[in-house]
Every structure is written in structure tokens, then in C-alpha cells.
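Undergrad: sequence below, structure please.
(2 chains)
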Amino acid sequence: MSAVWSPLLPLAMVGTDRHASALPAWPGDVGQLVAQVGSSGDSAASGALRVAAVLATCALAGAQGGEWTTPLPAGASHDSLLELPEGPIRAAVSWALQDGPLRLQHAVFTTLAQGGYRLPLNLLAQALDLGRRTVLFRPLLLSVLGERGLWLASHRDEWRYAAGVSAEEPDDARWNEGSFEQRRAFLQRERAADPQAARERLAQGLDELSAKERADLVAVLAEGLGPDDEPLLDKLLADRSREVRQAACVQLLRLPEAAHTQRAIGRLAPLLASERVLLRQQWKIDAPPAATPDWKADNLDPARPKYESLGERAWWLHQLVRQVPLAWWTQHTGLSAAELLRWAAGTDWTEALLRGWRDVLLAAPDTAWCEAFLDPWPATVLRDDPASVLALLPPALRERHWQRQLVDGSVAFHVMVPQMLHACRAGETLSLPLSVTLVDVICQRAESGVLSDDHALRSVLLELCATLHADVLDRMARLPRHADETASFADTLHAVTHVIGVRQALFQLTTKLTPERMIPETP
Amino acid sequence: MMLTMEEVLALAPDDASAKAARGLAKPTQWPLLGSDDAAAWGECQGSGAKPYQTQVDLSGPAFKCSCPSRKFPCKHGLALLMMRAQEPQLFTVASSPAWVSEWLASRTEKAQKKEERQVEKAATPVDPLQAAKREGQRWQRIEGAASELTRWLADQIARGLGSLNAEALQSWSTMAARMVDAQAPGLGFRVREAAVGIHRGADWPEQTLQRFGMLHLLCEAVQRRERLTPAVQADLRAAVGWPHDRAEVLSSSAALADRWTVLGVATEERDDKLTERRVWLHGQQSGRRALVLDHAFGGRGFEQAWVPGCTVDTALSFFPGAAALRALSADAPAIAGPAHWPHAPLSTEWDGIAGRVSACPWTALHPLVVRQAVVVRTDGRLLAVAEGRALSLVVGDADQWQLLASTGGHVCELMGEWDGQVLKPLTAWAEGQPSPLWQRSAA
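TA: Residues are numbered from 1 along each chain as shown, chains lettered A, B, ... in the order given. Next comes the predicted model:
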């Protein structure tokens, strides 16, 4: 409100009964009118009200906002990315962002990024919100937000992840001034092209990075990891953040000659001994009798967590096992991965060994070990499902495993499908043979009415539609329907047709792309 | 009449309906689709065995659907128009089935009957003496209420606003209720509004003084009513909450036929499921601004469809009054094409507002078109900057980001409702472009 009211405020706040002074004066024509009407009231209060009436009317008639004297902030730069064509693709993208499953949203962002398209303006805020909730989308979003989206992101704290520098800026500016996502994407590209330069850049930037950022960027070193990276990783083993220390340990596991790995082997080897039982040579393992003071320096944690299912010594053994590469076990014992797993099951330390190996496997994948773990999955010892290990296998091997399960029926269909989805990274699709088998089963269940009551399967049906091979989508769109189906099931099937519609619209968009319009996928 | 996708979306009673309709706008859901010059119709497969029969009278557009939804228009009607906008070739059936032609016939019949009733009513002589007596009695009650309110306002100022507490504010509610009892709900509303503003925001004393000033002016004007011009008397009547009869408005003033640009539409949910819709128009030939104000109850739709960002041909009858802003259209407005936006300089807009305020200070909202504006977000506030002035913008959170995304910090043309302090933006467009960049969603 303007200062025009200030002279009247003391009178109005204290009250004319107690504030006996005369009405204040205002300049100009308004002041003359105020003086005229203010003195003509029956009482001081009524005079003040008449003054307020004049001021209110004049303020309303003359209000023109406040003054703006500073330069205007910069607007969004011109967008060089293509505008999404008008037509069904826009409605499809809009539906996917609003109601589609995560994988479909991922597919939308990937397809747009590959085609060099930007998101329509009306979807920018929604897309930025999706990126806020789902970190996986962030690198993709940077490619499809366009200049307008990056500019918009700079206006809201929750969207800062995308509020970096313009995509048109040179690389150095993207590292020095960009958002975290931009910096990571830049470092990944540099690492692929020149591992040493990327390592040095990271080493120099460590001081100004937060713990979470340090841990995230250490993972970038996985690309082209070599002995030259050891000094930096060793330095990071002493980082003040536990998360960063663990990230460094994970990378060191993949360097068998590294001093840290050799120390880990040195601790474990004396616990594993070969002894002769009757006529056979047999391996025997024991847990460490005590933790030694040098453990802490190598990120071994002697204190057993409160809710840990392992006993104290088993916990220590587990700690040692998870720092030793899997290859050492097979070389040292001469046993295969499958034989080692069978052997571990017969020891007193099964859980400590299996959990330790599983952790190492996730950090440094190995097909033979994955196959050994999955045949069959030691469900009683490892309480999580096998999806994370399945995800490490090449798709063909992974699918062979599922095809086998579909034939022998060892795992219920509604349990297997979520495992498949968990194992398939966003952007991956299932092969045609497996997709055909899955759609066969789903069609049978829809036909017999079982699908309608199978809520576990229904809850992943949309994600599955986003993952199936493109050639089976037409069949999925024509699932058998029943006249008496419930409204909620009808909604599910309706959403299924939507997911399929979006995927088909994306295919059409992709087929429109001529080779010169394709741009390489952002790493 | 062919509506675009945006125009159809503007007809949705709320965002949820628009969203649901988008989901239904798929040919696979519609075993039957047809249209002719008068109507579009279709059968939509819902969750039940029998498909819903959805039909749209394109002259309105008016909707009918056999679904049980209480929303109006329902998602099926909206989806039907969306598909017609996007894929008109799907509407293959050209001869309307019985359920469509019967409905259209009944609509025509109803319209005829309504017209006949109006003619009949106009022909029935009203006893002028009786009417004048009734009117006199009501004015008497209002005058009594106004003089009571004048004394009460003076009491508040005499005691001082600084001493107000929750107990004292109780008497404000009582006073508001007394105004309603005295058939002056407009006065009651202003008292309640002043009570709500107490202790709210750092500038509440100034705001309260301004509201008191306006109320006092209104009360004094009621007491001097006889000496005011008929136009100001009419404004006064509207301001105290005694609206003019729509039929009276239609019959008493000559309708102004023009090609109107729908500048913006504000739809807001009031208390008790009442939805208020304010349609702001600009006459392309006459240069007149107009407000078409409607209310709908319980999710029911509005009789007339006004699509923001397009041009309509219609004749408007203005309510009597010096401000001459509020108007109504006897006939359904016919969409004539894309918008033809006004482009007067900002100074002309301010002059128009000042003129309207001087004619009728109680006009709460003024249409304002800000040319060459830049929407800026600074320190958590949204502003429209133009010609060295910054107007505070008040808009919902989602709309705020959409407005920023659409304008991108570049120059745009902005239309909104100005209350003397803040601008509630309704539409933004780029100079020379008929279709809007952004429209406020239904609140």
C-alpha cells in the first residue's frame, strides 16, 4: 500500500476518542478535497471515514503498480532443439508424464532426446517435478528441457538440479558452473575420451564437492578403471564421508593388484585352510577371532550393527569377504563359483560368505558367479529377491533363466514378472520370444477371468507393457474382455491401451527421424 | 462449429474432468461416432455392459450423456469434442440416430417455449404502483441498514482499530448478518470482507481503512440516493446486493451487437459448491469492455460456453449503471474465429479504469490488458513489468509455473483482473498471435 494512508493511521489505530488532534493534510487536488470533506463530518470519526472514502477512491483510480527501475532479468535463450510436432504425439507425451508408468516416462524422455526434440512448454513444470522425484530421469531431462526448461528450473529451489548453464555453453563452463547433473554428464564424457584428464579434474574438484556428490562422481571412474586410479582411490579411502569411502572400496575391488585389495587378501587367506579328511582334501574356513586395530584404516567396521542377523565373528568375516575379489577365491581354491557356493552351504559361516560374495558380485559383476547364485537362488540365506543379480547378466542369459522358470513353474507368474521388471533397466525391452510367452500367459488369464483378480500382476501390468517387445503390443491391446468386469479392472485395461498407444506414437516419431536428424544419445 | 482442442478444454468444469476426457479421447473406446451440422454424438464403452450415449448440440455447445456423472459437461462429452477437434474423419455416421434427433427436437421445443413465456411475461402488465411500493419498502430497509452501518463504522474509528480483538470482531459478524437481514447483502459481504482482513498482513490497518472508506461512501450514497443520477443509483443498487433482474436488463436496454474477443475467463469455486464464472470481453468495433458474470451450483455447468482466446458474435445487453461493465447475452454466443486482441497502450487502459472508478467507485474488478509485459519472478513474487511499472501478480502455484514457462521471461501481452493492488492474470498471448500462450486454469 502506498504512503498515502500513513498520516491517517495514528488517528485510526488509537481512535478519534483518544486522539484529539486535527485531521492531517494531503498535498494537491486530492488534499483540497480531503480538507473539504474531512471538516464536514458530524464527528471526528465520521470526518476520518469521509477522508478514507476519498483516499480509497483516488487510490483505486490512480493505482498503476509500483515503480520498476532495475534492468529486467535475462529471459530464456532461443531454443535450438526441435519442437515436438503437433498431433497425437503431444497428447501421448502429456498422458505419459501425467499418468504413465516410470519406464514409459523414461522411454518418452529417451526418444525425445535421441530425436533432438524438446518438451512442449506446457509440460516443462511437470517434467521438472518428475526429475525432482526420480533421479534416474535427470540426465535425460537435461537433453529435452531445452533452454526454456533450464531457465524455468533456475526459478525454483526444488528444480535446481536442472538449473545449470545453457546447453549452448562450452564444456568448461558446464563443469565449472553447471548443475550437478551437467557436471556428471560432462565428467562421464571426459572419462570415456581421456581417463587421466577426468581423474585429475575430479581430484582437483573434490574439496568443493559435497559428500553425496563426491560419492556419485567416484562411480564415474568405473569407466576405464586402471592401476593409475589407485592413488586417488586410496586417498578417498580416508574421506570423511562413509559413503565416499565405500564408493572407493567398490572401485578398488576391481583392481586385484591394488595395495588395499592385497591387504584384504592378506587378512582373509590365513582363515581359509585346506585339510585332509579321510582321503579327500577339503577347504575349511574360520571367522577372525578378533578385530585388529588396523581394520578401521581399511574401512572394516568391527562394531556389529544392532539389528544384524550375523553374530559378531560372522560379521567380521563378512566384512573381510566383501573386500576380496571373487577371482581370488576361484584361483586360490581351484573351485568353480558353483562349487564354492555348494561348499559355503556346508560351512558354519554360510550367510557371512554368501552375503559377502553377493556384495562383491554387485560391485564387480561376473557371469559365472551370477549363474551359480541363480541356480537356485539361496532364498533362505539371502532374503532379497534375485532381481539385482539377474540384472547383472546379459539379457539373453537372464531370459534363459526366466524361460526355464516359466516351463518348470517353480516361481509363480505374478512373482516372476516383478523380478523381470526389476532386473531390466529402464530403456531395456524383453526379447520377442519371451514377450510372446508372457503375452500368451496374460491372454489366457484374461480369457479365464483370473487376471481381473490377480492384483499383484495387475499392479505391474503397465510397467510390463512398457517393457514388452514392440511386436506383441497389438495383441496386448486386444486382451479378451468380459461384460461383467469391474470398473477398476476396466480402468487398468484402459491404461494398458494408453501405454501401448504412447509407445506406438514414440515409434512413429522415431521412424520419422532421418539419419542426419538423429543425434547421439547423451551418456 | 468446430472447436479446437484448447477451446474444448476451456469448457471442462475442472481439471480432473479435462484429464479424464483426454484419457477417453481414443477411437477404440467409441464403437459409434457420428456428426452432422447440428450435433455430434457417440457411444462410449464405459465400465458397464451398455455403452453411454453422449451427444453435443453444436450450436451451444450443449451436452447430454447417459452416464451418471454429476459433472457438467461430463468427461464423455468433452472427449467427444476433443476427438472431433483432432480427428474429425472418425465421425463417419452422418444421419443422427433417434436418441439424438429426439433430444435436439426437445431442445428446440424448450427454447421456443421459453421464448413464448418471455413474450407472454413481457406482455403481462405489471402493476406499476405495486412494484414501486415494493421497491420503496426495500429501499427504506436498506437506508435504515446503511445509517446503522454508518454509526457503527464511526464507532469503530472512534474506539480505534488498534484495540480490536476476537471478541470485538464478533460484533462485526453480527453487523454483517444484520445487513443481510435488511436485504442489503452487498453491505454485509463488505463488512465480512473487512473482518477477514483484520490482523492479516503487515498493511492490514491501511487495507481496513480503505475498506471502511468504501463502505462509508456506499452508506452515504444510499442516504443521498434521491439526488444521484439514475445510472449511479443503479450501481448503488448492485453494490448493496440487489441485483437487476436479467429479463428486465434484456428488455430495458438496447443490445449492443458486436464481434467480441473473449479476453479471459475466471472460474472460481465459492462457498457451498457455488461456482462463479467471470467472462471478460472486448468489443472489436465498439471498443467496449464487458463482464458476463454467471453462477452455477453443485458442479452443474454454465448455460453458455465462452471460450477464452476466440472471437464470438453476439449482442450484449448491459446492466444499468455508470460503470457499464456487466452485461449478458440473450443468445448463445457463436464462435466466429480466433481472437482479435485489443492493443491500446497501457495509459489508455489506466484511463479507462480511472474513468470507471470515478463513475462507480464500487466496481471491484477491472479488466486490464498490459501490453509489452515481461513476467518476472523475483524474491518469491511474481510480477508483470511494463513501461517502468511492476504489477504484483496473484495466481495459483501450478498456473504460476505454466505462465513463466509459456512466456520465458520475454515480452508478452497479458490480460487479467485488476483490483487496484494486484493483477490476477487470466490470459497471456504473443503480439500478433491469435491463440493464447497461456490461460489460467479453473480454480
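
Undergrad: give me the number of residues near residue 297?
TA: If you meant another chain, say so; for now it's chain A. 11 (other CB atoms under 10 Å in any protein chain shown). Quick note: C-beta positions are derived from backbone N, CA and C, even for glycine.

Undergrad: my question was about chain B
TA: Around B:Phe297 there are 10 residues (other CB under 10 Å).

Undergrad: now it: how far from chain A?
TA: Relative to chain A, B:Phe297 is positioned 27 Å away (CB to the nearest CB, to the nearest Å).

Undergrad: that residue reaches B:Lys273, doesn't it?
TA: Yes. Between B:Phe297 and B:Lys273 there is a contact at 6.2 Å, judged by CB atoms under 8 Å.

Undergrad: can you pull out the helices in the stretch 301-443 of chain B?
TA: Assigned by DSSP state H, counting those that start in this stretch, the helices in the stretch 301-443 of chain B fall at B:346-359, B:397-407.

Undergrad: what's the closest of those helices to B:His244?
TA: helix B:346-359 (16.9 Å; CB to CB).

Undergrad: in the closest one, what's buried?
TA: Within helix B:346-359, the residues that count as buried by 16 or more other CB atoms under 10 Å in any protein chain shown are B:346, B:349-350, B:352-354, B:356-357, B:359.

Undergrad: centre of the chain to the biggest helix by length in chain A, how far?
TA: When chain A is parsed with DSSP state H, its longest helix is helix A:487-512. Using CA atoms, centre = their mean, to the nearest Å, the mean C-alpha position of helix A:487-512 is found 24 Å from that of the whole chain.

Undergrad: and it, which residues are buried?
TA: Here helix A:487-512 shows A:489-490, A:492-506, A:509 as buried, counting by 16+ other CB under 10 Å.

Undergrad: by mean pLDDT, which helix or strand of the chain comes out lowest?
TA: Chain wasn't specified; assuming chain A. helix A:171-177 (a mean of 73; mean pLDDT, DSSP states H and E).

Undergrad: actually it's chain B I care about, not the one you picked
TA: helix B:5-11 (a mean of 77).

Undergrad: residues from the stretch 201-350 of chain B in reach of chain A?
TA: B:203, B:205-214, B:216-217, B:220, B:350 (CB under 8 Å from any CB of the partner chain).

Undergrad: pLDDT weak spots in the chain?
TA: As the question left the chain open, I've gone with chain A. Along chain A, the model assigns pLDDT under 70 to residues A:1-2, A:20, A:164-171, A:512-523.

Undergrad: was after chain B, sorry
TA: B:1, B:47-49, B:298-300, B:443.

Undergrad: burial check on B:Asp235, number of neighbours?
TA: Neighbour number of B:Asp235 under other CB under 10 Å is 26.

Undergrad: correct me, but B:Ile353 touches A:Ala61?
TA: Yes. With contacts counted by CB under 8 Å, B:Ile353 reaches A:Ala61, the gap being 7.1 Å.

Undergrad: please verify my assumption that B:Ala12 contacts B:Ser441.
TA: No. Applying CB under 8 Å as the test, B:Ala12 and B:Ser441 come out as separate, 9.2 Å apart.

Undergrad: these two: which is more packed in?
TA: Between B:Ala12 and B:Ser441, counting by other CB under 10 Å, B:Ala12 is the more crowded of the two (25 against 17).

Undergrad: what about that one, distance to chain A?
TA: Using CB to the nearest CB, B:Ala12 is found at 15 Å from chain A.

Undergrad: ok, the residue lying closest to that residue once chain neighbours are set aside to B:His244 distance?
TA: In space, and not counting its chain neighbours, B:Ala12 is closest to B:Ala18: 3.8 Å by CB to CB, 6 or more residues apart in numbering or on different chains. Per CB to CB, to the nearest Å, B:Ala18 is found 34 Å from B:His244.

Undergrad: looking at those two, which one has more neighbours?
TA: Neighbour count, other CB under 10 Å: between B:Ala18 and B:His244, B:Ala18 has more, with 20 against 16.
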